[in-house]
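K.L.:
no sequence for this one, just the structure:
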């Protein structure tokens, strides 16, 4: 069990670093808002984070 938790945490940190590198501070803010909203089960915060990430993805494509 602890090995799985460490692996998931490492993947999450890696993904966060990729988002910050690729999309800058706004991408990091969106990722944090999405993560906090999901953990707190707050649909408004997670929705804002998801919308910002989608807008950043659409802009770069």
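P.N.:
Nice, thanks for sending it over. Here the structure is a predicted model, which is why all the values come from computation and not from measurement. Numbers count the residues shown, from 1 in each chain.
K.L.:
tell me how far whatever helix or strand residue 24 lives in is from the chain's mean position?
P.N.:
Assigned by DSSP states H and E, residue 24 belongs to helix 2-40. Remark: helix 2-40 is offset 4 Å from the chain centroid, using CA atoms, centre = their mean, to the nearest Å.
K.L.:
Not counting the helix or strand that it is followed by itself, show me its contacts.
P.N.:
Once helix 2-40 ends, the next helix or strand along the chain (criterion: DSSP H and E) is helix 43-60. Around helix 43-60, the neighbours that count as contacts under CB atoms under 8 Å, 6 or more residues apart in numbering are 19, 22-23, 26-27, 29-38. No exception for glycine: its C-beta is placed from N, CA and C like everyone else's.
K.L.:
Return a PyMOL selection command for the buried portion of those.
P.N.:
Of the contacts of helix 43-60, the buried ones can be selected in PyMOL as follows, counting by 16 or more other CB atoms under 10 Å:
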select buried, resi 19+23+27+29+30+31+33+34+37
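K.L.:
so residue 28 touches residue 18, yeah?
P.N.:
No. The criterion here is CB atoms under 8 Å, and residue 28 misses it with residue 18 at 10.6 Å.
K.L.:
more neighbours, these two?
P.N.:
Ranked by neighbour count (other CB atoms under 10 Å), residue 28 and residue 18 place residue 28 first, with 15 against 12.
K.L.:
so what's the more buried one up against?
P.N.:
By CB under 8 Å, 6+ apart, the contact set of residue 28 is 16, 19, 20.
K.L.:
Let's have the residues you listed in a markdown table, adding distance to residue 47.
P.N.:
Converted to a markdown table, the contacts of residue 28 look like this (distance: CB to CB, whole Å):
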| residue | distance to residue 47 |
| --- | --- |
| 16 | 19 |
| 19 | 17 |
| 20 | 21 |
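K.L.:
Turn those residues into JSON lines, including pLDDT.
P.N.:
Output for the contacts of residue 28, formatted as JSON lines (pLDDT from 0 to 100):
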{"residue": "16", "pLDDT": "81"}
{"residue": "19", "pLDDT": "79"}
{"residue": "20", "pLDDT": "80"}
